[in-house]
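[1] Provided below for reference: sequence and predicted model.
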Amino acid sequence: MTNLLTIRDTEITLKHTDRLFIDGQWVAPAGGTSLGVTDSTTEETFYRIAETTPSDMDRAIAAARRAFDDSPWPFLEPHQRGEYLRKIAARLRERAEEAGTYWTRQTGVTFGIAKHSIARVPALFDYYADLADSYPWVTLDNPEFAAFGAVVNEPVGVVGAIVPWNTPLSLAAYKIAPALLAGCTVVLKAPPEAPGELWILAEIAEEIGLPAGVLNVVNGHRVVSDQLVRDPRVDKIAFTGSSAVGRQIAAACGERLARYTLELGGKSAAVVLDDYDLAAAAAAISQQECSINGQVCMSLTRVIVSRHRHDELVDALASTFGSVRVGDPFDPETQIGPLALAKQQNSVLGYIEKGVAEGARLVAGGHRPAHLDRGFFVEPTVFANVDNRSTIAQEELFGPVLSVIPADNEEHAIELANDTVYGLNNAVFTNDVDRAYQVARRLRSGTVGHNGFKTDTRMGFGGFKQSGVGREGGAQGVFPYLESKTVLLDGTPTRFQ
C-alpha cells in the first residue's frame, strides 16, 4: 500500500514551470520573473512558476483573437470540437492523481477529497462533448416576411476565464469545456497561488494538438486580471471569486458592454425544521464543512434552528465538528487540512476574534491547533447565539467556522435565511418532503438541498443577488458562450430541405 505521506516528497512533474502557454507554444515570460508556490502544510515553497507580465497577457489575448478571427475553429461542426474535449478528458484521467497532489499541497484539501473530486473533472469534458449533437445550435421558425427563418447560436468570441485558488481545475473546466464546444477561444488566467493543475491542462492541450491560440494559459495578480477584463479584444469574461471583485468586473465590462458571467461568494443557510433529528443534522453539516476545509463558497455556515432547540443543536455540533481531526492532508486519518494561505488563516482567525467581540458564544475551536507548529491550520469552530446581523453571520469567512442562529419559528427561520446579500446555496432539514419543497421555493438562492449539502452542476449552478450573474454547468452552461442570430432568407438552404 502506498504511504500517502511520502507523496509530498515526489518530484515535480510539470514540464514547463518556467514558461507560459500562449498560441500553442510554451514561451518564456517577458519579465523573466517567477512566483513561488507554497505548500500550505509545511509553509515551504515547493516549486516556482513563470510570472505573467502585461506584455505576456497582451500576447495571449492577441493569440486568442487570431484563433477566433482567422482560424477555422469557430466554424468547425460542434462534434468536431467535441472530439478535442474527449481527448482532454482521456488525458486528464491519466493524470488525475498527479493533479490531486498539486491541489492538496497548494490549498490543504485532503488528498482523498482531491483525488475523488478531480476524478470527476474528465466526465465534465465528456458531458459537454456529448452535447455536441443534441444542443439546439439552430432552431427553425416560420417567419412572417421570409420563406425561411432560423435562430442560430454562434460563439460569443474570445473568452477571458479567471478562476480562484480553492478549486482551480474544476472551476476552469466549467468555463473551458462549454466555451470550446461553442467555438470560442480562451485566455485562462490561473491563480498564482495554485497554478499546478492548470499547467497540466495546458500540457494536455499541446499533447492533443488543440489548434494554436484556442486555449492560452497564463497566471498573475490583479494587474493582469484587470488587463484581461478591460481589453476590447475580449468579448466575454467568465469569473469565479469574491463578490467584491465580481462587482468591479461587472462595472468594467459594463463600460464596454462586454458579456460576463460571475460565480461569486455565499453565506449559505442550513434551515433545520422542528421535526428533524438534531444529531443527524449536526453530523451532515459537520461532514460537509470538512470538504476543502471550509474553503467553499457553497458551505452551509449559517445554521438556523428554532430557539427552543438551539442549545441542543449547538451541543451536537460542538461534539461532531469540534472533534474533527485536523492534520496533514496526506494522512488518510485527517478530516480537515490547513487553509491555503497564511493571509487566509489570519483572516479567518480575525473573523473569529470579531465574532467573540460582537457577542457570539464560542463553543468549539477558534484557534490554531496546539499540536501543529506549522501550516496554515484553524481549528473547526462553532459559535452559538449568533446575531444574524453580526459580521460572522453576514460576511463570507472561507474557513471551518459555523454560526448557529436561533429563530422564533419556521417563518422567522426563512426570513433569517434570506436576510443576506448572498444567495448561492441553502438547505432545509425536514422529514416532510412537501414541506422541504415549500420552504425551498421560498429560499432565495440558486440551489436548495434537502437534509444536507446537495448540488448537481449538470443541472446548472449559480447564485441570486450578490452571489453572481448567470449559470454554469449543464446544458444552460453553454448559453453564456453563445450569441443568438436571426437569419431570414428568401429560400430554404439545401441542408434544411
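    Nice, I can see it.

[2] just give the nearest non-adjacent residue to the most centrally placed residue in the chain, would you?
    Nearest to the geometric centre of the chain sits Leu171, at 4.2 Å (CA atoms, centre = their mean). Distances taken as CB to CB, 6 or more residues apart in numbering place Val163 nearest to Leu171, at 4.4 Å, with adjacent residues excluded. Quick note: C-beta positions are derived from backbone N, CA and C, even for glycine.

[3] picking that back up, which residues touch the residue nearest to the centre of the chain?
    For Leu171, the contacting residues are 163-164, 240, 263, taking CB atoms under 8 Å, 6 or more residues apart in numbering as the criterion.

[4] per-residue confidence for it?
    Per-residue confidence for Leu171 comes out at a pLDDT of 97.

[5] cool, the one 10 residues further on as well?
    At Leu181, the pLDDT value in this model is 98.

[6] that one reaches Arg81, doesn't it?
    Yes. Taking CB atoms under 8 Å as the contact criterion, Leu181 and Arg81 are neighbours in contact, 5.6 Å apart.

[7] which neighbours do the two have in common?
    In terms of CB under 8 Å, 6+ apart, Leu181 and Arg81 are both contacted by the residues Ala132.

[8] more crowded one of those two?
    Counted by other CB atoms under 10 Å, Leu181 and Arg81 do not tie: Leu181 has more neighbours, with 27 against 23.

[9] how about residues contacting stretch 221-235?
    Residues lying outside stretch 221-235 but in contact with it, judged by CB under 8 Å, 6+ apart, are 52-54, 56-58, 61-62, 64-65, 156-160, 162, 184, 187, 189, 192, 218, 237, 249, 252-253, 255-256, 258-259.

[10] list the buried residues for stretch 326-337?
    By neighbour count on 16 or more other CB atoms under 10 Å, the buried set for stretch 326-337 is 326-331, 334-337.

[11] er, stretch 314-325 actually
    Applying a neighbour-count criterion of 16+ other CB under 10 Å, the buried positions in stretch 314-325 are 314-322, 324.

[12] straight-line length of it, end to end?
    Using CA to CA, to the nearest Å, the gap from the first to the last residue of stretch 314-325 comes to 19 Å.

[13] from the chain's centre, how far out does that stretch sit?
    Distance of stretch 314-325 from its chain centroid, counting by CA atoms, centre = their mean, to the nearest Å, is 27 Å.

[14] again, but for stretch 290-300
    Between the mean C-alpha location of stretch 290-300 and the chain-wide mean there is a distance of 11 Å, by CA atoms, centre = their mean.

[15] please put the alpha-carbon coordinates of that stretch into PDB.
    What follows is stretch 290-300, C-alpha atoms only, in PDB (Å, rounded to 0.1, in the frame of the first residue of the first chain):
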ATOM      1  CA  CYS A 290     -14.800  19.400   6.300                       C
ATOM      2  CA  SER A 291     -14.800  19.500   2.500                       C
ATOM      3  CA  ILE A 292     -11.900  21.600   1.300                       C
ATOM      4  CA  ASN A 293     -11.500  22.800   4.900                       C
ATOM      5  CA  GLY A 294     -14.400  25.200   4.700                       C
ATOM      6  CA  GLN A 295     -12.900  27.000   1.700                       C
ATOM      7  CA  VAL A 296     -16.100  26.500  -0.400                       C
ATOM      8  CA  CYS A 297     -18.400  29.300  -1.500                       C
ATOM      9  CA  MET A 298     -21.400  26.900  -1.100                       C
ATOM     10  CA  SER A 299     -20.700  25.900   2.500                       C
ATOM     11  CA  LEU A 300     -23.600  25.800   4.900                       C
END
